[in-house]
Each structure stands twice: as C-alpha cells, then as structure tokens.
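Asks: Can you look at this prediction? I've put the sequence above it.
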Amino acid sequence: MKKIAIFPGDGIGPEIVDAARLVLDAVDHAAGLNLQCTDGLVGGAALDAADDPLPEASLQLAMAADAVILGAVGGPRWDDLPPAKRPEQGLLRLRKNLDLFANLRPAQIFPQLLSASPLRPELVRDVDILVVRELTGDIYFGQPRAAEVLDGKRRAYNTMVYDEDEIRRIAHVAFKAAQGRRKQLCSVDKANVLETTRLWREVVTELAAEYPDVHLSHMYVDNAAMQLIRAPSQFDVLLTGNMFGDILSDEASQLTGSIGMLPSASLGEGRGMYEPIHGSAPDIAGQDKANPLATILSVAMMLRHSLGNEPWAQRVEMAVQKVLDEGLRTADIAAAGEAVIGTRAMGHAVVKALQL
Ligand SMILES: NC(=O)c1ccc[n+]([C@@H]2O[C@H](COP(=O)([O-])OP(=O)(O)OC[C@H]3O[C@@H](n4cnc5c(N)ncnc54)[C@H](O)[C@@H]3O)[C@@H](O)[C@H]2O)c1
Ligand SMILES: CC(C)[C@H](C(=O)O)[C@@H](O)C(=O)O
Ligand SMILES: [Mg+2]
C-alpha cells in the first residue's frame, strides 16, 4: 500500500487534478497498486478554510505520504496579500519542509503538436530538454527579506543566497541526469554580475571532474533565454537556480506548444511531489477548458520516481501520445479551426487510451 496526498489547490487546480485522478484511479485498479489517496488543503483554499496557506494537518498529510500530487495555487482573490502571506507561500513551505530541492521539468516535443508551437517546426522538431531547477534556495528563501519604510521612503529587498552544499547536491542530480541522456549539461547563471551565481559556476565546474563523460558548458541566463528561442535543440540538460529555472521553464514550455503540457517532479531524499509547472490560470478557471495533460504526465513521473513503476509510467505517457495521435485537443493546443474538448473529457480520453 502506498499513500498519496493530493492537494488540488486553487483556480484550475481542482479541475486538472480531477482529470489526473481518473487516470491514477484507472492505473491503480489495473496495476493493483493499492493506493490510498487522501485530499488536503493548500494555497488559497487553505487560507479560506484555516487562515493558513499550509495548515499543520496538510503538512502532516504530505509528510506521511509516499508521494504528493499538487494542482496549482494562487489567484486574484488573494493578490492584495503580501507575498509572505499569499497562497503561493503554502507551496513554497511544502517544498521547503519536504526538502524537495530538485525540480525536474522536462520539455519534450510532441510531434503531433508541432503546429501549436509559436516557433517554426524545424526549430523545435528535435527539442528534448530537461530543466533541472534548484527548488529550496536562492532569492525565494534567502534572509533577510523585508518591505519597510526607511527615511519616509518605501523600500523592499530580498536576498539571493546559495551555499556550496546546496549547489553541489542539485548539480549532482543534473550531472547524473545528463549521464542517462545525451551527456550535455549546460549550467545557467549570471556569474558576470552576481556573487551567488559566481559560486554556483565554481562549484559546478569542480564537480565536472567526477563526471568525465558529461560535457559541461556554462551560459549566462540572458543568453540562455535568447538561445532557447533561437536554437532550442542545442540543449540537453539545463541546470539552474530557483529563480532562473522558474522563468526558463515557462519559456521552454512554449517550445512544446503550451504550458499545459509540462509536468514536473520535485525530489529530495524522501517522498516526491508532482505538479504541472503552470499556475492556477484564473482566466480559464471553472470553465472545463484547462489542459490536464501536464498533470497527467506528472502522475507518470510519480509512477516512475516515487512508485518505482517504470512500465506504468510509460503506459501513461504512451496513452497521452495516443490521444494526441487521435487529434484530441484542449483549446490551448488546438490549431485554428480544430475541434476542442474539455478538461474532463481529456482525462477520460487518456483513460480510454490506456486500453485496460
Ligand atoms: N505551481 C503553482 O501552483 C503555480 C505556478 C505558477 C503560477 N501560480 C499562480 O497562479 C496564478 C496565476 O498565475 P499566472 O497567470 O501568472 O500563470 P498561469 O500559469 O496560471 O497562467 C498563464 C497563462 O497560461 C494559461 N494556462 C496555464 N495553465 C494552463 C493549462 N493547464 N491549460 C491551458 N492554459 C493554461 C493560463 O490560462 C494563462 O493564460 C498566480 O496566483 C500565480 O502565483 C501558481
Ligand atoms: C507559484 C510559485 C511560487 C511557483 C514558483 O515560483 O516556484 C510557480 O511559479 C512554479 O513555477 O511552480
Ligand atoms: Mg513558475
């Protein structure tokens, strides 16, 4: 028996999670996984219910689980709160408390969606990038941080900080991932300006000696943002910090056609958390329009990384390929004039494509 904690969250979160749940339930039943799934509150939903974006009960639920599935958090209803009190803080605290320092965000091209990419097909056809984003450090968590009034003037600051151990452990993850792929690792930093990322570059370079089969290169983040659009297939594994990884992974999602296609795994020493990279999409929430495939592909990542079930991870990924082959599209991945299906119908279609 494995325990799965499920946090639907806000906005489209409950819709995409419900669609992914259809797939998870079907796999559980067919593969005899004997999963015990329990829902919890995080983000705005938790703020509303318990005045805390990560109530203690939710944290305990996650800590007791073998794996966590999360939809998305946040939305305009909570936008006036200061960052430290917002729904997003629930997600950040969950990541930090579970020590999920390694965020894997694969950006793969689905050949069926080449026409959905804003880039020319010949530029994106061979794209297969793994963004390895550090997830528990950087300017997200650095102290001190404050918003204050000084000499009658409002000012605010955050602190970007990494120590060498934090850099080393995420770099090991990236080097190992590269060894299992095309052996090209590009570390992205801003070492020409920032002390933090100068240390980042030093530590990553030191580690390269342990991975002689991996070709390591370094790139400044501004150039990387540009190269991702100019010639994205040059990248294999992209290693970067929390902030740059957040931005570059949203950018990379566009190569695939939609942010609704990018799953993620957040890993540490223990349980993993699985979530799409996108947010709560308030503009389409509650309309059965959201693409659940990123969440469904995150379930595949959970089967692979937390449940040790590679065959079923691949079956879910193949089922996603099949629905795309069949021409089934949510609005975000539909070409002009193409028929569109809703979130829930897409979930059912993936279950059908599993051919159980
Ligand atoms: N992991 C998370 O929980 C997470 C991630 C990013 C943003 N957020 C939060 O979500 C809220 C909205 O943020 P935002 O608008 O900047 O980013 P967003 O990712 O929610 O949406 C950006 C755009 O992408 C579209 N989109 C996102 N997911 C989609 C899907 N599955 N299918 C189809 N279209 C999709 C949206 O409709 C929107 O047009 C904010 O409160 C933000 O903090 C949460
Ligand atoms: C909601 C926010 C805290 C989060 C982040 O910045 O990590 C999101 O953008 C993501 O990419 O998961
Ligand atoms: Mg983000």
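Replies: That came in fine, so what should we check first? Ligands and ions are numbered 1, 2, ... in the order given.
Asks: which parts of the stretch 1-150 of the chain sit against ligand 1?
Replies: 12, 16, 72-75, 88, 91 (Cβ under 6 Å from any ligand atom). To be clear about C-beta, it is placed using only N, CA and C from the backbone, and glycine gets the same treatment.
Asks: distance of residue 318 from residue 4?
Replies: Here residue 318 is placed at a distance of 22 Å from residue 4 (Cβ to Cβ, to the nearest Å).
Asks: Now render the residues of the stretch 1-150 of the chain next to ligand 1 as TSV, adding neighbour count, pLDDT and secondary structure.
Replies: Listed next are those as TSV, based on neighbours: other Cβ atoms under 10 Å; pLDDT from 0 to 100; DSSP: H, G, I helix; E, B strand; the rest coil:
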residue	neighbour count	pLDDT	secondary structure
12	31	98	coil
16	32	98	helix
72	33	98	strand
73	31	98	coil
74	24	97	coil
75	22	97	coil
88	22	98	helix
91	24	98	helix
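Asks: Now render the residues you listed as JSON lines, adding distance to residue 60.
Replies: As requested, these are exported to JSON lines (distance: Cβ to Cβ, whole Å):
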{"residue": "12", "distance to residue 60": "26"}
{"residue": "16", "distance to residue 60": "25"}
{"residue": "72", "distance to residue 60": "22"}
{"residue": "73", "distance to residue 60": "18"}
{"residue": "74", "distance to residue 60": "23"}
{"residue": "75", "distance to residue 60": "25"}
{"residue": "88", "distance to residue 60": "21"}
{"residue": "91", "distance to residue 60": "17"}
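Asks: Any chance you could note which residues of this protein sit beside ligand 2?
Replies: So far as Cβ under 6 Å from any ligand atom goes, the chain lies against ligand 2 at 74, 88, 91-92, 246, 277, 279.
Asks: biggest separation within these, which pair?
Replies: Taking Cβ to Cβ as the measure, the residues of the chain next to ligand 2 span a maximum distance of 14.9 Å, between 92 and 277.
Asks: Which parts of the stretch 251-356 of the chain are helices?
Replies: For the stretch 251-356 of the chain, the helices defined by DSSP state H, counting those that start in this stretch cover 293-305, 310-325, 343-353.
Asks: Shouldn't residue 3 be within a helix?
Replies: No. Using DSSP: H, G, I helix; E, B strand; the rest coil, the assignment for residue 3 is strand, not a helix.
Asks: sorry, back to before: so residue 92 and residue 277 - more neighbours on which side?
Replies: residue 277 (25 against 20; other Cβ atoms under 10 Å).
Asks: Go ahead and confirm that one touches residue 253.
Replies: Yes. With contact defined as Cβ atoms under 8 Å, residue 277 reaches residue 253; the gap is 6.4 Å.
Asks: Return every residue with contacts to both of these two.
Replies: 259, 262 (Cβ atoms under 8 Å, 6 or more residues apart in numbering).
Asks: Single out the residue in the stretch 151-300 of the chain that lies closest to ligand 1.
Replies: In the stretch 151-300 of the chain, the residue that lies nearest ligand 1 is residue 279 (2.3 Å; Cβ to the nearest ligand atom).
Asks: count of neighbours near that residue?
Replies: Residue 279: 20 neighbours (other Cβ under 10 Å).
Asks: Can you list phi and psi of it for me?
Replies: phi -100, psi -160 (degrees, to the nearest 10).
Asks: That one and residue 102, how far apart?
Replies: 21 Å.
Asks: Kindly report the same for residue 119.
Replies: 28 Å.
Asks: When these two are compared, which one has more neighbours?
Replies: Taking neighbours as other Cβ under 10 Å, residue 119 and residue 102 compare with residue 102 leading, 22 against 17.
Asks: residues in contact with that one?
Replies: With Cβ under 8 Å, 6+ apart, residue 102 has these contacts: 132, 134-135, 169-170, 173, 266-268.
Asks: Export those residues to a markdown table and append columns for neighbour count.
Replies: Shown next, in a markdown table, are those (neighbours: other Cβ atoms under 10 Å):
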| residue | neighbour count |
| --- | --- |
| 132 | 25 |
| 134 | 26 |
| 135 | 28 |
| 169 | 16 |
| 170 | 28 |
| 173 | 18 |
| 266 | 28 |
| 267 | 22 |
| 268 | 16 |
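Asks: okay, those residues in CSV with distance to residue 305 and pLDDT next?
Replies: Output for the contacts of residue 102, formatted as CSV (distance: Cβ to Cβ, whole Å; pLDDT from 0 to 100):
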residue, distance to residue 305, pLDDT
132, 13, 98
134, 17, 98
135, 14, 98
169, 16, 98
170, 16, 98
173, 11, 98
266, 10, 98
267, 6, 98
268, 11, 97
